[in-house]
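Asker: Give me a model of this one.
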Amino acid sequence: MKKRLIISLSVVLLALVWYGFFATDWRSSETAPLTVTVEKGDVLEQVTATGTLQPSGYVDVGAQVSGQLKVIAVEVGDKVEQDQLLAEIDPTVYVAQVDASRAQLRSQRAQLQDRQAQLTLAKLQHTRQQNLLRANATAKENVQSAEASLRSAQAQVAALTAQIAQTESSLRADEANLSYAKVVAPMAGTVVQIEARQGQTLNASQQSPVLMRIADLAVMTVEAKVSEADITKLKPGMEVYFTTLGDAKRRWHSQLRKIEPMPEVENNVVLYKALFDIENPHGRLMSQMTTQVFFVIAQAKDTLLVPISALTFNDASDRSQATVTVVNSKQQTETRSVTVGVTNRIHGAITSGLTAGETLLLPTASAQGPSNRIGRRMRL
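Answerer: Reported below is the predicted structural model:
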């Protein structure tokens, strides 16, 4: 019994000693200042946005004539060159139309030769009648009849010439329709989508049916959606980079090409599209990929960095001048004016007023909680 009492008293004593030591340390740490050492590094002021990847250019290939789709010569993913055969529509009707127009044209040209011969004869008869009239060897009525025949022959030649021109125009249209039966690529690129199926009957009389889409995947366009609060900070030509969800460590760099003037409203948020292009020679970037975009407003490299929380700006509208609290080697503090360059939400670049290795006191350290013990420093 006595042994148990001794053990119990020992445990209570140890607990009191432990509480007295650590409670004192905890209470003192509540008011302990948190300091930070001025170090060198890089700082970026940037606007962030999300975006999607799209082909820089694409075209929907449609059918210009009606008929049964006999052949589809490509598959999704195939790379095609300009004017390469993509599909073929049954040309039977269009071949017949071309043959008919050509036969009609040959007939009209033969008729024209006959009319031209008659015109030549009418000219000779008219000339002979005029000569006879001057010699008083014919009646005036014969001259007038010859002149009327001449004018009729000229009119018939002119009419046939116009008919031939019309038939030639119809023939060109029929030949064009025949050529449209072979659907060729209007541009070089990659087949990214096929809408039609072989054997399908196409009706192009009212609206051109879309067969497939060809896109230029060698150059991709990022469509970034930027809020109205940040869009005024962007300018064409500024540096921009982005990452993808599949490879967040790799940065793709480019320059802002343009900002579309008309916004989109999503959930009562006004968003503007900022567009820029990126080379894609190996095809790693694909359509509809989600991107995290960073527009670089300003940057400073190998500069002195301090946390924004350590800076007290003299004027809210002018963030180039601020004050900091410096802690010297004797743990004494002094207020010092500094010149601030590029800033972001975390750091500010100091261009004058501090040197690397100096210690700063954070004004909000008293609110940091019990983890901020005396002598503990925050790393930038």
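Asker: Identify the bridge partners of residue 49.
Answerer: residue 293 (DSSP bridges).
Asker: now the one 5 residues further on
Answerer: In this entry, residue 54 is beta-bridged to residue 221, by DSSP bridges.
Asker: Tell me, how many residues neighbour it?
Answerer: By the criterion of other C-beta atoms under 10 Å, residue 54 has 16 neighbours. To be clear about C-beta, it is placed using only N, CA and C from the backbone, and glycine gets the same treatment.
Asker: Assign residue 131 to helix, strand or coil.
Answerer: helix (DSSP: H, G, I helix; E, B strand; the rest coil).
Asker: Domain ranges for the protein, per the record?
Answerer: Domain ranges of the chain: 29-42+300-378, 91-180, per automatic domain parsing.
Asker: In TSV: those domains, plus mean pLDDT.
Answerer: Conversion of the domains of the chain to TSV gives the following (pLDDT from 0 to 100):
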stretch	mean pLDDT
domain 29-42+300-378	81
domain 91-180	95
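Asker: possible to save the ones you listed as CSV with mean neighbour count and distance to residue 235?
Answerer: Listed next are the domains of the chain as CSV, based on neighbours: other C-beta atoms under 10 Å; distance: least, C-beta to C-beta, whole Å:
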stretch, mean neighbour count, distance to residue 235
domain 29-42+300-378, 15, 17
domain 91-180, 15, 46
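Asker: could those be laid out in a markdown table, adding distance to residue 280?
Answerer: Listed next are the domains of the chain as a markdown table, based on distance: least, C-beta to C-beta, whole Å:
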| stretch | distance to residue 280 |
| --- | --- |
| domain 29-42+300-378 | 28 |
| domain 91-180 | 32 |
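Asker: Give the full set of residues in contact with residue 297.
Answerer: Applying C-beta atoms under 8 Å, 6 or more residues apart in numbering, we find residue 297 in contact with 45-47, 233, 238.
Asker: A helix includes it, no?
Answerer: No: counting by three-state DSSP, residue 297 is not part of a helix but strand.
Asker: nearest spatial neighbour of it, skipping sequence neighbours?
Answerer: Using C-beta to C-beta, 6 or more residues apart in numbering and skipping residues adjacent in sequence, the residue nearest residue 297 is residue 45, 4.4 Å away.
Asker: Could you check which helix or strand contains that neighbour?
Answerer: strand 39-62 (DSSP states H and E).
Asker: following that strand, which helix or strand comes up?
Answerer: strand 67-72.
Asker: Flag every buried residue along that next one.
Answerer: Neighbour counts over strand 67-72 (16 or more other C-beta atoms under 10 Å) mark 67, 69, 72 as buried.
Asker: Ok, stretch 205-219 next?
Answerer: Judged by neighbour count using 16+ other C-beta under 10 Å, the buried positions of stretch 205-219 are 209, 211-218.
Asker: Centre of the chain to that stretch, how far?
Answerer: For stretch 205-219, the separation from the chain centroid amounts to 17 Å (computed by C-alpha atoms, centre = their mean, to the nearest Å).
Asker: Ok, stretch 166-183 next?
Answerer: Distance, centroid of stretch 166-183 to centroid of chain: 37 Å (C-alpha atoms, centre = their mean).
Asker: just stretch 148-155 next, same as before
Answerer: With C-alpha atoms, centre = their mean, you get 66 Å for stretch 148-155.
Asker: export it as PDB, just CAs?
Answerer: What follows is stretch 148-155, C-alpha atoms only, in PDB (Å, rounded to 0.1, in the frame of the first residue of the first chain):
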ATOM      1  CA  ALA A 148     -34.000  41.100-145.400                       C
ATOM      2  CA  SER A 149     -32.600  37.700-146.100                       C
ATOM      3  CA  LEU A 150     -29.100  39.000-145.100                       C
ATOM      4  CA  ARG A 151     -30.400  40.400-141.800                       C
ATOM      5  CA  SER A 152     -32.300  37.200-141.000                       C
ATOM      6  CA  ALA A 153     -29.200  35.200-141.600                       C
ATOM      7  CA  GLN A 154     -27.200  37.500-139.300                       C
ATOM      8  CA  ALA A 155     -29.900  37.200-136.600                       C
END
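Asker: Quick one: residues in contact with it.
Answerer: 115, 118-119, 121-123, 125-126.
Asker: what are the ranges of the helices in the stretch 1-150 of the chain?
Answerer: Using DSSP state H, counting those that start in this stretch, the helices found in the stretch 1-150 of the chain span residues 2-30, 92-134, 140-180.
Asker: Geometrically speaking, which residue is the centre of the chain?
Answerer: The centroid of the chain falls nearest to residue 221 when counting by C-alpha atoms, centre = their mean (3.2 Å).
Asker: if we can go back for a sec, check which residues of the strand holding residue 45 are buried.
Answerer: 43-47, 49, 51, 53-56, 58, 61-62.
Asker: Distance from that strand to the middle of the chain?
Answerer: Relative to its parent chain, strand 39-62 has a centroid offset of 9 Å by C-alpha atoms, centre = their mean.
Asker: Brilliant, that's me finished.
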